[in-house]
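>>> take this sequence and fold it.
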Amino acid sequence: MPPIEDPADFIRRETTVKPVPHAEEIRLHVADEAMELWQKTEEDLGALGLDPPFWAFAWAGGQGLARYILDTPSLVAGKNVIDFACGSGLVGIAAMLAGARSCRAVDIDPFAIAAAGLNAGLNGVRLEVELADLTRHAIPSADIVFCGDVFYDRQMADAVTGFLDRLTGAGIDVLVGDPGRSYLPTDRLTELGVYKVPVVGALEDNEIKKTCVYRVGKK
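All right, here's what the predicted structure looks like:
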């Protein structure tokens, strides 16, 4: 198979538009068959050095954050928001639907950036999509930063935790959505909400994940 030049074409071809189980107000391009797309992406795109298709699923932490934002619109109304490691763009879309002034949807995967842009269009909102690793940059300008499902391995968790500490030290509000992954820095978190979120059982250890939304700040 020749190299895929247009991520948007790949996403349209390999996904189906469906409502998010725990935030049905929002529709996303998602994988119909989880493992089939995962394997196809590894085979077709792995040689190009691209990441697995995290953007093709509504992960538990993102769903929890989206639900919390939609149910608490005052959290984001009129504010400048960052959806960090945005994946599908679910959290940023929820923020814009809830009245945020703007949202930067940032990820290191060009396919995630394409997916976030496509998904924003599906839901009638605009995301400022950006391919970047914010953990290596100066503190960004934002009122609030959202992070969903980012503590899944040690290296990622260490980089993200240091970044979040810098954000809170600068007075930026930071919310995390997470279903209890191994490297969640619980000593820095205050629980705001708890949900039971439907997820893709083929990729998780259950069909339903207890998922919490937290505010970050050293206790």
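>>> any idea which helix or strand carries the residue nearest the centre of the chain?
Centroid-nearest residue in the chain, with Cα atoms, centre = their mean: C86, separated by 3.6 Å. Per DSSP states H and E: C86 is located in neither a helix nor a strand.
>>> give me the nearest residue to it, chain neighbours excluded.
A105 (3.9 Å; Cβ to Cβ, 6 or more residues apart in numbering). Just so you know, the C-beta spots here come from the backbone N, C-alpha and C atoms, and that holds for glycine as well.
>>> next, that neighbour: phi, psi?
Per-residue torsions, A105: phi -100, psi 110 (degrees, to the nearest 10).
>>> then V145?
Torsion angles, degrees, to the nearest 10, at V145: phi -120, psi 130.
>>> my read is that it contacts R166, right?
No. Judged on Cβ atoms under 8 Å, V145 makes no contact with R166 at a distance of 10.6 Å.
>>> more neighbours: the two, which one.
Using other Cβ atoms under 10 Å as the criterion, V145 and R166 rank with V145 on top: 23 against 15.
>>> now stretch 71-83: mean pLDDT?
Taken as a whole, stretch 71-83 has an average pLDDT of 98.
>>> what's the spacing between the closest residue to L134 other than its chain neighbours and R12?
Nearest residue to L134, sequence neighbours excluded (Cβ to Cβ, 6+ apart): V106, at 5.6 Å. Per Cβ to Cβ, to the nearest Å, V106 is found 22 Å from R12.
>>> same check, this time on V145
Applying Cβ to Cβ to V145 and R12 gives a distance of 29 Å.
>>> now do A85
According to Cβ to Cβ, A85 and R12 sit 23 Å apart.
>>> what's the distance between the residue nearest to I139 when sequence neighbours are not counted and V197?
Excluding its sequence neighbours, the residue lying closest to I139 (Cβ to Cβ, 6+ apart) is A170, at 4.9 Å. A170 is 30 Å from V197, where distance means Cβ to Cβ.
>>> the more surrounded of those two?
V197 (25 against 12).
>>> surely the more buried one and F57 touch.
No. In this structure, V197 is not within contact of F57 by Cβ under 8 Å, at 11.9 Å.
>>> now list whatever residues contact both of these two.
Residues touching both V197 and F57 by Cβ atoms under 8 Å, 6 or more residues apart in numbering: none at all.
>>> just checking, next helix/strand downstream of the lowest-mean-pLDDT helix or strand in the chain?
Every helix and strand in the chain was compared by mean pLDDT, DSSP states H and E; the lowest is helix 34-45, with a mean of 59. Going down the chain from helix 34-45, the next helix or strand is helix 60-71, by DSSP H and E.
>>> that next one - contacts with which helices or strands?
Secondary-structure packing of helix 60-71 (3 or more Cβ pairs under 8 Å, 6 or more residues apart in numbering; DSSP states H and E): strand 23-30, helix 90-97, strand 144-148, strand 173-178, strand 189-198, strand 208-216.
>>> winner for burial among the ones you listed?
For these, ranked by mean neighbour count under the definition mean count of other Cβ atoms under 10 Å, the leader is helix 90-97 at a mean of 30.
>>> for it, packing partners?
The helices and strands touching helix 90-97, judged by 3+ Cβ pairs under 8 Å, 6+ apart, are strand 23-30, helix 60-71, strand 80-84, strand 102-107, helix 110-122, strand 144-148.
>>> would you mark the buried spots in the second one?
When you say that, I think you mean helix 60-71. For helix 60-71, the neighbour count (16 or more other Cβ atoms under 10 Å) marks A60, G61, G62, Q63, G64, L65, A66, R67, Y68, I69, L70 as buried.
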